[in-house]
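Asks: could you look at this predicted model? Sequence included:
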Amino acid sequence: MTTRLTTPTRGSTRASKKAKRRRIAQASGYYVFGGGLAVMFAVPIVWSVLRSLQSKEVARKGLSWSTLGDLTIQNYLRLRGAGAGFHNYAMNSFVVALATTVGSVIIATMAGYALARTNFPGRNIVFVAILVPFMVPFQGILVPLFSVLDALQLTNSLVGLIIVYLTFQMPFSVFVMRNTFLAVPTELEEAALIDGASTFQIMRRIFFPLVLPGIATVALYAFLYGWSEFLAALIYINTDRKLTLPVALANLQTSAYGEIDLGLLEAGAVFSMIPCLVLFLFLQRYYLRGLAAGSMKF
């Protein structure tokens, strides 16, 4: 028995080369487009870092090649003595953001499980009622909310600020967690119930690993909201030592005679973005999976 060797024809060789060139062009386009987006997002950060390392006098002249050698950490040293102490403002923001994050994760996880996995009368009505604050602009209820906090003696208090943040963060958090629980197959829960597992064991051993992307999404959004929110902190806090970082940065924006202190302002902005960048880089893989899971069902 003899084997017959076939040689590729000229047409098939030309087609394979054409397909290879198409793959190379697609890959090149992908990397060029992705690199362009990366540069577009990185330039403002690099710009802010360079501006924060310029002295007050050099910052007035603008950023140029001649001023790149005049870099100093003097602006970051000046932050320590700004107002009641920049570390104090940062700690206030961190406490508020952390409490908002922990509270949002705990409440939204329990509410999401109840709305997705239990059948009780009026379940859909409760879910819609939770989403109602989505439709109410925060600016429209500033005065009534101030009256409520004042009656509860929670104005000029970080606790009152945390309650406000939890209230307005909760609709999104519950929405994400409910849809994340709905994406988990019911067969897993039924098998665990047959094996005699309790509700707590089901949550810890089955649901928690599967809904971790949703929890990461809720935590990320809650922390960013609590860390960067400005209007409520400006209105409900009136003591300098209790100010949060965004309000403190607004106060640092102007120096004597209304002059904008660009170097000090940029140093504060760079300092305030570090926790957000670190948290996003740490949770980004869970965050992307959580957004995809949260959009599967409504």
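Replies: Perfect, I can see it now. Residues are numbered from 1 along each chain as shown.
Asks: now the strands for the stretch 1-150 of the chain?
Replies: Taking DSSP state E, counting those that start in this stretch as the test, none of the stretch 1-150 of the chain falls into strands.
Asks: pLDDT weak spots in it?
Replies: Scanning the stretch 1-150 of the chain for pLDDT under 70 picks out the ranges 1-12, 58-69, 81-84.
Asks: can you map out the helices along the stretch 151-298 of the chain?
Replies: Using DSSP state H, counting those that start in this stretch, the helices assigned to the stretch 151-298 of the chain run over residues 158-182, 186-194, 199-202, 208-228, 231-236, 245-252, 262-294.
Asks: wait, Gly214 touches Arg178, no?
Replies: No. Gly214 lies out of contact with Arg178 (C-beta atoms under 8 Å); the separation is 9.1 Å. Using the backbone N, CA and C atoms, a C-beta is placed for each residue, glycine as well.
Asks: report the set of residues contacting both of those two.
Replies: In terms of C-beta atoms under 8 Å, 6 or more residues apart in numbering, Gly214 and Arg178 are both contacted by the residues Gly112.
Asks: more neighbours, the two?
Replies: Counted by other C-beta atoms under 10 Å, Gly214 and Arg178 do not tie: Gly214 has more neighbours, with 29 against 24.
Asks: what pLDDT does the model give the nearest residue to the more buried one once chain neighbours are set aside?
Replies: Excluding the flanking residues, the one nearest Gly214 by C-beta to C-beta, 6 or more residues apart in numbering is Thr180, at 3.2 Å. Note on Thr180: pLDDT of 86.
Asks: can I assume Thr180 is in contact with Gly112?
Replies: Yes. Between Thr180 and Gly112 there is a contact under C-beta under 8 Å: 6.6 Å.
Asks: need the residues touching each of the two.
Replies: 211, 214.
Asks: circling back: nearest to Gln74 among the helices of the stretch 151-298 of the chain would be which one?
Replies: helix 262-294 (7.8 Å; C-beta to C-beta).
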